[in-house]
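J.: give me the fold of what follows.
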Amino acid sequence: MELCVFLKELKTKFLKHYFFIAFILFLGALAHGQTTADSSSFVPQYDTETNYTLKTKSGSIHTGQVIRETSEFVVLKNKITHRTVEIRKSEIIQNNKSAGRDLSNETMGENLHARNYMFLSSAFLFDEGKVSTNSHWLLLENINYAFNKHWAITLNTVAFYPISLGLNFAYEITEDNYIGGSVFGIGDITSGGNSSALFGYGAQGKFTHGNSNKNLTFSGGVIGLNSDLFYRNSTSAFVNMAFISAAYCSRFKKNVALNIEGWYLPELTSGFGGIGFKFIGNEVICWTVGCYALINNSNNRVNLDLRAIPVPYFSMSRKFN
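T.: Predicted structure coming up:
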């Protein structure tokens, strides 16, 4: 009798546990099916590795390359600042696509050639693992290779002869504010056995404020040149001269930006300034045309030296790999 009661209670407990386990398994299968259905219903709206300019309900505009997308969010990475931003899709009111190398969208998008003004360059971050060139008059070639977004090496050539080698750096300190600089050495390609192979050296610091379409850069540093270049007698092998410079860029059309640049050497009380227009063909190549003029400082006044005819200027910037 007692055995029957025990078996009956055991059966009741087993059935309770069985139904509880079956109920848990049913809920798990239902949740899995819902997740699978949600996943299968998600269709990407954006092409990865493609540039977009997105405008939100708040009026903010974000430009960059789509690196990730979910059913609710899209993540952009800006090629110039290397900053990523996650945007809720429901907040997007305007979507402009810049496929491949075409910049002819409704909004200007980012200026992928914002690192170069004319001679001066900005402190924007580098394109990691990329090679870029900036050719002045198709004679003076500036070749850069970026190890990462913060460090790059620069080689300058004249008519295919290397004349200088430098190391550059760039860092973002706050939003729209960047610092950078460079150190370099200049070789004397005409040096013989009795002269120094070092023509000069220099160091430069930079500060850039703004975005790729409108920005301002201040720069200063020192350059040392072989004293044989100067008529005056010098007790040292090199004459050191400080310099300051500033440049401004304003992109007022999709394919055109205005560049203004100036350099001043206090020790020589002179300098030069230039103005040019950058024609942005695509993300690989652009052209800059303009002119330079000498500036002197006589009688404590800065005047345009009318004796010097403005020198026409043109350059071509390219990006590789």
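J.: so, low pLDDT: which residues of the stretch 151-300 of the chain?
T.: For the stretch 151-300 of the chain, residues meeting the criterion pLDDT under 70 lie at 189-196, 229-234, 296-300.
J.: tell me where it has strands.
T.: Using DSSP state E, counting those that start in this stretch, the strands assigned to the stretch 151-300 of the chain run over residues 151-158, 161-174, 177-187, 198-210, 214-226, 238-253, 256-265, 270-280, 285-298.
J.: what's the closest of these to Gly59?
T.: strand 214-226 (17.2 Å; CB to CB). Placement of C-beta: from N, CA and C, glycine included.
J.: buried set for the closest one?
T.: Going by neighbour count (16 or more other CB atoms under 10 Å), the buried part of strand 214-226 is Lys214, Asn215, Thr217, Ser219, Gly220, Gly221, Ile223, Gly224, Leu225, Asn226.
J.: walk me through which strands that strand pairs with, and which way each runs.
T.: strand 198-210 (antiparallel), strand 238-253 (antiparallel) (DSSP bridges).
J.: out of the buried residues of strand 214-226, which one sits closest to Leu258?
T.: Lys214 (9.9 Å).
J.: now do the phi/psi pair for the residue nearest the centre of the chain.
T.: What sits nearest the mean C-alpha location of the chain, by CA atoms, centre = their mean, is Ile80, with 3.1 Å. Reported as degrees, to the nearest 10, the phi and psi values for Ile80 are phi -90, psi -50.
J.: could you report the neighbour count for the residue nearest to it when sequence neighbours are not counted?
T.: Distance criterion CB to CB, 6 or more residues apart in numbering; nearest residue to Ile80, sequence neighbours excluded, is Ser212 at 4.4 Å. By other CB atoms under 10 Å, 23 other residues sit near Ser212.
J.: OK, contacts around Ser212?
T.: Taking CB atoms under 8 Å, 6 or more residues apart in numbering as the criterion, Ser212 is in contact with Ile80, Thr81, Glu110, Asn111, Leu112, Ala114, Phe124, Arg251.
J.: same thing but at 6 Å, please
T.: Neighbouring residues of Ser212 by CB atoms under 6 Å, 6 or more residues apart in numbering: Ile80, Glu110, Asn111, Ala114.
J.: what's around the third one, how many residues?
T.: Asn111 has 24 neighbours, counted by other CB under 10 Å.
J.: roughly how far apart are it and Pro266?
T.: Noted for Asn111: a distance of 32 Å to Pro266, by CB to CB, to the nearest Å.
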